[in-house]
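1. Build me a structure from this.
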Amino acid sequence: MNTKSVFEDALQLRPAERLQLIEMLSRSLNKPDENIEIIWAEEAEKRYKALEEGRMKTTAIKDIIERYK
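-> Model prediction:
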């Protein structure tokens, strides 16, 4: 199996599957630092808690799209 045939096979996948393949290949080249992953997980939890408690302002997606038209 060569690179060209792998590429041609990948083109037969649905777009979501191709995206998943890209992510998997990227991760295989760039092993995430476990410490950084832990820090990001903790930060995500803090942000979610702030959102749930009403301490974080949110913006509707339609307002964001309108702002950047």
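
2. So for the residue nearest the centre of the chain, what pLDDT did the model give?
-> Among the residues of the chain, the one closest to the centroid is Glu23, at 8.6 Å (CA atoms, centre = their mean). pLDDT recorded at Glu23 is 92.

3. Let's test this: what are the backbone torsions at it?
-> When read as degrees, to the nearest 10, the backbone of Glu23 gives phi -60, psi -40.

4. contacting residues for Glu42?
-> Contact analysis of Glu42 by CB atoms under 8 Å, 6 or more residues apart in numbering lists nothing. From N, CA and C alone the C-beta is placed, and that goes for glycine too.

5. Is it within a helix or a strand, and which one?
-> Element membership for Glu42, per DSSP states H and E: helix 34-52.

6. Also Leu21?
-> Applying DSSP H and E as the criterion places Leu21 in helix 15-29.

7. Run the chain-centre distance for that helix.
-> Averaging C-alpha positions (CA atoms, centre = their mean, to the nearest Å) puts helix 15-29 11 Å from its chain's average.

8. Could the C-alpha coordinates of the helix holding Glu42 be exported in CSV?
-> Extracted C-alpha coordinates of helix 34-52, given in CSV (Å, rounded to 0.1, in the frame of the first residue of the first chain):
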residue,chain,number,x,y,z
GLU,A,34,-0.9,14.7,29.5
ASN,A,35,-0.3,17.6,31.9
ILE,A,36,-1.6,20.1,29.4
GLU,A,37,-4.6,17.9,28.8
ILE,A,38,-5.3,17.8,32.5
ILE,A,39,-5.0,21.6,32.8
TRP,A,40,-7.4,22.1,29.9
ALA,A,41,-9.9,19.7,31.4
GLU,A,42,-9.8,21.6,34.7
GLU,A,43,-10.2,24.9,32.8
ALA,A,44,-13.2,23.5,30.9
GLU,A,45,-14.8,22.4,34.2
LYS,A,46,-14.3,25.9,35.7
ARG,A,47,-15.8,27.6,32.6
TYR,A,48,-18.8,25.2,32.6
LYS,A,49,-19.4,25.9,36.3
ALA,A,50,-19.2,29.6,35.7
LEU,A,51,-21.7,29.3,32.9
GLU,A,52,-24.1,27.2,35.0
